[in-house]
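1. kindly generate the corresponding structure for this input.
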Amino acid sequence: MNPTTKRIALARLALLTALAAPGCAGSQPEPAAAPAATNDPPVVILPASRLSGQTVAILPMTLVVADPALHSDTSYAAYRDRRAALAQTDSLISEGIVSRAPEVHWVPPRELRKIARRSAGYLTDPDQMGHAVLRGPKVIVIPDPLRSSLRSLMAVAGGRVALAPASLGFGPEPDGQIRADLTLVLADSRTGKVIWRSVALGRGNTPTEALNAAIAAVLPADGGQ
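-> This is a model prediction of the structure:
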């Protein structure tokens with residue numbers, strides 16, 4: 001083999017070796033990384049269309065808890081006091097639901113309180129009905145005395161179904177955000193049955209952002225269509 005032919009052969013060998021090497025232009029692309037798994041349960045959308053035209057009461061929020069790690073977070077300052085936290089979340093939940101499902105005739109907590117005050121001695125204070133008990137995932141029948149209190153309240157409010165914000169929890173996320181877990185329950189005051197339940201999850205830089213995200217998750221602007 002003359003020198004020229006030998007150089008050509010070596011050049012071809014080098015080219016073939018390079019093409020076979022991983023990461024070169026002729027190699028197969030690396031498979032895409034699988035998306036990170038999530039342990040979040042699926043959110044069950046609030047069936048607002050089935051409630052269209054009905055009168056539905058929104059019970060007050062009575063249970064807000066937070067991971068102790070949030071107590072030193074400046075964004076949580078407005079929620080440290082229990083009464084302030086209940087008032088703030090009560091307002092955000094009712095406003096978010098009413099604005100996202102205007103086809104339902106909602107009776108917000110402030111109206112329920114007025115109704116109860118006008119019927120003092122007959123109706124239980126909506127803030128003292130104990131509906132946080134509905135947060136238990138196995139509760140499918142409304143227990144007494146909550147059942148009788150709810151039936152009396154709805155008889156005066158003019159409907160049969162009530163939406164109960166049964167519990168709200170805040171916790172820190174690894175990326176620095178705050179997570180909100182909002183348990184919502186639809187209760188039929190006539191049959192005494194829980195007819196719908198969901199745990200809405202939301203994340204944000206503040207508790208307010210996280211709660212608003214949770215409301216949007218359970219009641220999206222498109223109605224879940």
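2. pLDDT score assigned to the spatially closest residue to Thr62 that is not a sequence neighbour?
-> Closest residue to Thr62 apart from its sequence neighbours, by C-beta to C-beta, 6 or more residues apart in numbering: Ala132 at 5.1 Å. (C-beta placed from N, C-alpha, C; glycine too.) Note on Ala132: pLDDT of 97.
3. mind listing the helices for this structure?
-> Here the chain has its helices, by DSSP state H, at 3-20, 82-100, 109-118, 146-157, 207-218.
4. just list the residues touching the residue most central in space within the chain, thanks.
-> Of all residues in the chain, the one closest to the mean position by C-alpha atoms, centre = their mean is Ala200, 1.9 Å from it. The neighbours of Ala200, taking C-beta atoms under 8 Å, 6 or more residues apart in numbering as the test, are Val43, Ala180, Asp181, Leu182, Thr183, Leu184, Ala214, Ile215, Ala217, Val218.
5. Leu134 now?
-> Ile142, Leu146, Ala164, Ala166, Thr183, Val185, Ala187, Val194.
6. the first one against Ala187, yeah?
-> Right, Ile142. Yes. Look at Ile142 against Ala187 with C-beta atoms under 8 Å: they come within range, at 5.5 Å.
7. list the contacts for the residue nearest to Thr62?
-> By C-beta under 8 Å, 6+ apart, the contact set of Ala132 is Thr62, Leu63, Ala166, Ser167.
8. show me which of those residues are buried.
-> Thr62, Leu63, Ala166, Ser167 (16 or more other C-beta atoms under 10 Å).
9. which one of the helices of the chain lies nearest to Pro47?
-> Nearest of those to Pro47, taken as C-beta to C-beta: helix 207-218 at 10.6 Å.
10. let me know the angle separating that closest one from helix 82-100.
-> 40 degrees (axes from the mean of the first three to the mean of the last three C-alpha atoms, to 10 degrees).
11. just the CA coordinates of helix 207-218, formatted as PDB?
-> Extracted as PDB, the C-alpha positions of helix 207-218 are listed here (Å, rounded to 0.1, in the frame of the first residue of the first chain):
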ATOM      1  CA  PRO A 207     -50.900  32.000  51.600                       C
ATOM      2  CA  THR A 208     -53.300  34.200  49.600                       C
ATOM      3  CA  GLU A 209     -51.900  33.200  46.300                       C
ATOM      4  CA  ALA A 210     -51.900  29.500  47.300                       C
ATOM      5  CA  LEU A 211     -55.500  29.600  48.400                       C
ATOM      6  CA  ASN A 212     -56.600  31.400  45.200                       C
ATOM      7  CA  ALA A 213     -54.800  28.800  43.200                       C
ATOM      8  CA  ALA A 214     -56.600  26.000  45.100                       C
ATOM      9  CA  ILE A 215     -60.000  27.700  44.400                       C
ATOM     10  CA  ALA A 216     -59.100  28.000  40.700                       C
ATOM     11  CA  ALA A 217     -58.100  24.300  40.700                       C
ATOM     12  CA  VAL A 218     -61.500  23.100  42.000                       C
END
